[in-house]
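# show me how the following folds:
(2 chains)
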Amino acid sequence: MSAITQKSSFGAAQIILFFSIAILVIVVAVPVLLIFFNAFWVNDEFNIRDVAKILLEPDTYQALVNSLIIASGTTIGSTIVGTFFAWLVTRTDLPYKSFMKSMFLVPFMLPSFIGALAWKMLLSPNAGFINKFFMNNFGFDGPIFNIYSYLGIILVEVMYLFPFVFIQVCGALERMDPTLEESARISGAGLFTITRRITIPLVLPSILSGALLIMLYSMAHFGTVAVLGIENGIFNIPTLIYQRLHQSAGSFASIRTGTVLATVLVVTAALIIWLQGKILSKGHYQIIGGKSFRPMELKLRALRMPLLVFCLAYIAFTIVLPTAVIFLVGGLKTYGLPFTWENLSLKNYKFILFDYKVTKDAIWNSVTLGLGAAVITMFAGGMISYVLVKMKVRGKGFLEFLGMLPFSVPGSVIALGVILAWSGQFGINLYNTVWIILVAYIARYMAFSLKANSAALEQVHDSLVEAARSCGATMWQTLRYIVLPLVRPGMLAAFFLIFLPSLRELTVSIMLYSPTTRTIGVAIYTLNEDGETVVSAALAGIALILIIVGQTLINRFTRKAGV
Amino acid sequence: MEIIRVEGISKSYGKHQVHKDLTLSIERGECFTLLGPSGCGKTVLLRLIAGFDTPDTGRITIDNTVVADPAAGINIPPDSRGLGIVFQDYAVWPHMTVFDNVGFPLKIAKHPKNELRERVMETLEMVGMSSLEKRLPSELSGGQQQRVALARAIAANPSMMLLDEPLTNLDANLREEMRFEIKELQRKLNITVLYVTHDQEIALAISDRMAIMDEAGRIRQIGNPWEIFERPVDSFVFNFMGIANFVPVRRVGESYLVGSGEQLIPWESPKGDAPEWVAGFRPSDVQIAPQGPGLRGTVQRASFLGAMMHYLIEVDGAHLQTSLETHEAMSKGLMFKEGETCSISFRDLLWFTAESLKAVTKQ
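Numbering: from 1, shown residues only, chains lettered A, B, ... in the order given. Predicted coordinates:
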């Protein structure tokens, strides 16, 4: 008979909770609080009139309006495009549906600012290849399309953001119990009525939640607007924050404007996330059967071929063309030369990989930063998720609130926040070092880690843990032998979810870089700004290769691990 | 000698009070069942004993060691309580083989490798799982997984075993087989078992003693299965232990009349002076005949269930059910048609006041 041993409980739970709270407070909460504090607190007093004054300045006001215009346009456009394609590939007899589906997901992994760069090369009013082609060959007087416009920015964002809606709606349509539609059909409803009265209302929550995600992303999106808007004086909130900070080298007034604008972003983001939660909880019908059914397919008949051509043309125009342009321009000797064999070479690629210090440093920085951020955030997020999902400790409510923060704080806000927190005011000065970028990356990608780890932990039923405890395993032994092995796939997923995006990160790094701490994204952007178009394009090409190879590896790995 | 002692335990979750001043003790070597409707707090009590939850007040003692006493600041974690637990959902670790699952408690206790191996194989043999030790849980059926969970719970020779509805997820045949095996194992190892279930049949079959809990988490009766079934202390226990007939009886002067009619009760009168009574008896205690002594009634519904005949009989506004084996009904001429009259007598019955019954039927 095994004896009972008295052991003092040394409060392991409290220690983990304390560390979890500490991480989130230091990495996310303090920077955000500092932004609020700096926005509303001037000369030791609360000053809301000043905030209103800054918001009503013509430049800032215009940036707010622009953010709203661009985000609304992008959201509407992406929702229409995403829903339409989702319906086409799930509910019609369109040929090559699974190929189409994977192609429509490709923009997910392409960084939108590289896309914007490609479209700038194709459609800038004077030098764009397409515009020049039409002016030279068809006698057009001016450019056929000016990409430096609201419409241009919105169209480019739609191209890269519509997968958010596409993937959500596809999922909902695929998992929807077909008997719901079949019973409507038996009741005598035609396909049109079924679509309008049954299908659309049932997938509406998914459509709306995808749309809000795009709204959230677009409001705070830096890259596309920076590449296509600044030329024509179109600023949105993140680009204006960047421009002010950059021009004045971090003066008090520019930081203050930045904090006020950042506050607007945080509030908007919180509102959007709250709305999304509302829609999702309200629209949580039991339409998902879990099993894969075979849904009704609409026969496209005469439209089948035209729609196929349309989809292929869309893919060629929005995915193949910009990617090809990036690689081709990256191979040119000098920007502006025609694409002929004697003008193309691999010299630029060799130059940026082996000879040019700026790009070599950038690649090294991005890879090490990505690895560091991914490893740290994977473990920290794993621990925090463990407390959130599995532990019953007092004070967990506060952690739950903190855990929501990373989801609602946009990149440019994080960048501004870490500048405020880590530039020496609190004794530690990381400004102009890679460390400040690392801290910002951790804050920015914590949400991904929390999501992946929580999902994995929710699969580990409580009784598995309790069974281990009753077998005599301490909490730590249970973690080591039972919990960790079971959540390992989730943690690895978190690692890749952080590592890959950080390779192409721009929004945060652009606000924090110094001459020696450029990342790949920063290098592409600044080289392009400096007129080094071919080098910039070549680096963008390398980045695309890195991302595509990485993504392929993940897909293979996750399929094997059965995640 | 008692192995577990639960004294004055209270436990609430938020505003919901699950247990209030509950006291219970379990003897060494017995198979003790906690039986009650779902949601009565029997699993909570098991978790308090296991150490997954702490009581708000009261004291729990295992093997003469206090393991939980909030007043004294004592709360021994579950890994130090020396118990084996089997869960309803098996809780077999999906990433470990059968061998590693069963060997886990021994590995934690740092048993030498060869001793561990010997013990695991011996335990697997006990539950009829030898030669499957290299399988992963995903390659096992539900019944096999439950055997692994059972083996894991007994591998480290725990002082007692807690089983939380371990058979609920199994199909009917397997359930019956497993309940005998658990009982057999308990006898062989002479281990104390606390078994939690809402299934009366399993409880009656497996227990040395059992406790009946009501919805409010109170223990209504503790006793051996025979006592509980035949001598229920109140209408709740009686009702909970199987399909029960309740026939209302009213007092008129010195005589007791059945239902709303004028037939006198053919039994001994109840003791007490309440005006309204209820006679409780099981379907198997009802004897039906075409005529003869007893109450006169009408067959309202006759159902042929294969081996059994089932009748619903009305006696002056009161309804009661009875069933008898079909071959017996055939041979004794007891095949009634609906609407025929019959005479019924009773082998055994219990008296309850109408008031105490109201509380039961409400549930």
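# which stretches in chain B count as helices?
Using DSSP state H, the helices of chain B run over B:42-50, B:98-108, B:113-126, B:142-155, B:172-189, B:200-206, B:225-230, B:235-240, B:326-331, B:354-362.
# point me to the residue of the stretch 51-200 of chain A nearest chain B.
With CB to the nearest CB, the shortest gap between the stretch 51-200 of chain A and chain B falls at residue A:175, namely 23.6 Å. To be clear about C-beta, it is placed using only N, CA and C from the backbone, and glycine gets the same treatment.
# what is the burial count for that residue?
Per other CB atoms under 10 Å in any protein chain shown, the neighbour tally for residue A:175 reads 16.
# re earlier: weakest of the helices of chain B by average pLDDT?
Of all the helices of chain B, mean pLDDT reaches its minimum on helix B:354-362 (a mean of 61).
# and the helices in the stretch 301-450 of chain A?
A:304-315, A:321-331, A:347-350, A:357-390, A:396-408, A:411-421, A:434-458 (DSSP state H, counting those that start in this stretch).
# which one of those is the most hemmed in?
helix A:411-421 (a mean of 27; mean count of other CB atoms under 10 Å in any protein chain shown).
# tell me the residues on chain B that lie near chain A, please.
Residues of chain B lying close to chain A by CB under 8 Å from any CB of the partner chain are B:50-52, B:62-63, B:65, B:67, B:74-85, B:87-89, B:91-95, B:104-105, B:108-109, B:149, B:152-153, B:156-159, B:162.
# can I get the helices of chain B in TSV with mean neighbour count?
Shown next, in TSV, are the helices of chain B (neighbours: other CB atoms under 10 Å in any protein chain shown):
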stretch	mean neighbour count
helix B:42-50	23
helix B:98-108	24
helix B:113-126	16
helix B:142-155	24
helix B:172-189	15
helix B:200-206	19
helix B:225-230	16
helix B:235-240	22
helix B:326-331	13
helix B:354-362	14
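# so residue A:18 versus residue A:395, what's the distance?
9 Å (CB to CB, to the nearest Å).
# scratch that, residue A:378
As judged by CB to CB, residue A:378 and residue A:395 stand 24 Å apart.
# residue 94: neighbour count?
As the question left the chain open, I've gone with chain A. Applying other CB under 10 Å, we find 22 residues neighbouring residue A:94.
# right idea, wrong chain: chain B
If we define neighbours as other CB under 10 Å, then residue B:94 has 16 of them.
# what does residue B:197 give?
24.
# tell me the pLDDT of residue 246.
This is for chain A. Reported pLDDT for residue A:246: 83.
# other chain: chain B
83.
# isn't it up against residue B:276?
No. When contacts are counted by CB atoms under 8 Å, residue B:246 is not listed as touching residue B:276 (11.9 Å).
# between these two, tell me which one has more neighbours.
residue B:246 (21 against 12).
# is the more buried one in a bridge, and if so with what?
residue B:280 (DSSP bridges).
# for residue B:135, see how far away it is.
Noted for residue B:246: a distance of 51 Å to residue B:135, by CB to CB.
# which residues of the stretch 451-563 of chain A lie near chain B?
So the stretch 451-563 of chain A meets chain B at A:461, A:463-464, A:466-475, A:477, A:481-482, A:485-486 (CB under 8 Å from any CB).
# cross those against helices and list the overlap.
Using DSSP H, these in helices are A:463, A:464, A:466, A:467, A:468, A:469, A:470, A:475, A:477, A:485, A:486.
# what's the closest of the residues you listed to residue B:190?
Of all these, residue A:470 has the smallest distance to residue B:190: 20.3 Å, by CB to CB.
# out of everything not next to it in sequence, what's closest to the closest one?
residue B:85 (4.1 Å; CB to CB, 6 or more residues apart in numbering or on different chains).
# residue A:466 and residue B:93 touch, don't they?
No. The criterion here is CB under 8 Å, and residue A:466 misses it with residue B:93 at 11.8 Å.
# same drill for the two, tell me which one is more crowded.
residue B:93 (23 against 20).
# how is chain B divided into domains?
B:2-239, B:243-362 (automatic domain parsing).
# residue A:108: which of these is closest?
Comparing these by CB to CB, domain B:2-239 comes nearest, at 30.9 Å.
# what is the end-to-end distance of that closest one?
End-to-end distance for domain B:2-239, by CA to CA, to the nearest Å: 30 Å.
# now the host helix or strand of residue A:246: buried residues?
Element membership of residue A:246, judged by DSSP states H and E, is helix A:237-247. By neighbour count with 16 or more other CB atoms under 10 Å in any protein chain shown, helix A:237-247 contains the buried residues A:237, A:238, A:239, A:240, A:241, A:242, A:243, A:244, A:245.
# now the residues you listed as JSON lines including distance to residue A:410?
Below are these laid out as JSON lines (distance: CB to CB, whole Å):
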{"residue": "A:237", "distance to residue A:410": "9"}
{"residue": "A:238", "distance to residue A:410": "7"}
{"residue": "A:239", "distance to residue A:410": "13"}
{"residue": "A:240", "distance to residue A:410": "14"}
{"residue": "A:241", "distance to residue A:410": "10"}
{"residue": "A:242", "distance to residue A:410": "13"}
{"residue": "A:243", "distance to residue A:410": "17"}
{"residue": "A:244", "distance to residue A:410": "17"}
{"residue": "A:245", "distance to residue A:410": "15"}
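# specify the beta-bridge partners of the residue lying closest to residue B:336 once chain neighbours are set aside.
Leaving aside its sequence neighbours, residue B:336 sits nearest to residue B:299 (CB to CB, 6+ apart; 4.4 Å). Residues in a beta bridge with residue B:299, per DSSP bridges, are residue B:313.
# hang on, residue B:299 packs against residue B:311?
Yes. Residue B:299 lies in contact with residue B:311 (CB under 8 Å); the separation is 5.5 Å.
# which one's more surrounded, these two?
Relative neighbour count places residue B:311 above the other of residue B:299 and residue B:311, with 25 against 18, counting by other CB under 10 Å.
# neighbours of the closest residue to residue A:57 other than its chain neighbours, how many?
Closest residue to residue A:57 apart from its sequence neighbours, by CB to CB, 6+ apart: residue A:257 at 7.9 Å. Residues lying near residue A:257 (other CB under 10 Å) number 23.
# my guess is residue A:257 meets residue A:244, correct?
Yes. With contact defined as CB under 8 Å, residue A:257 and residue A:244 form a contacting pair (5.4 Å).
# for residue A:229, see how far away residue A:131 is.
Residue A:131 is 18 Å from residue A:229, by CB to CB.
# er, residue A:253 actually
When residue A:253 is compared with residue A:229 (using CB to CB), they lie 23 Å apart.
# do the same with residue A:440
Residue A:440 is 23 Å from residue A:229, by CB to CB.
# again, but for residue B:171
66 Å.
# which one of the two is surrounded by more residues?
It is residue A:229, of residue B:171 and residue A:229, that has more neighbours when counted by other CB under 10 Å, with 21 against 11.
# so what's the more buried one up against?
Each residue near residue A:229 by CB atoms under 8 Å, 6 or more residues apart in numbering or on different chains is listed here: A:66, A:148, A:153, A:235, A:236, A:239.
# equivalent analysis for residue A:444, please.
A:406, A:411, A:414, A:505, A:508.
# hmm, try it at 7 Å
By CB atoms under 7 Å, 6 or more residues apart in numbering or on different chains, residue A:444 lies in contact with A:411, A:414, A:508.
# swap in residue B:178?
B:143, B:146, B:167, B:170.
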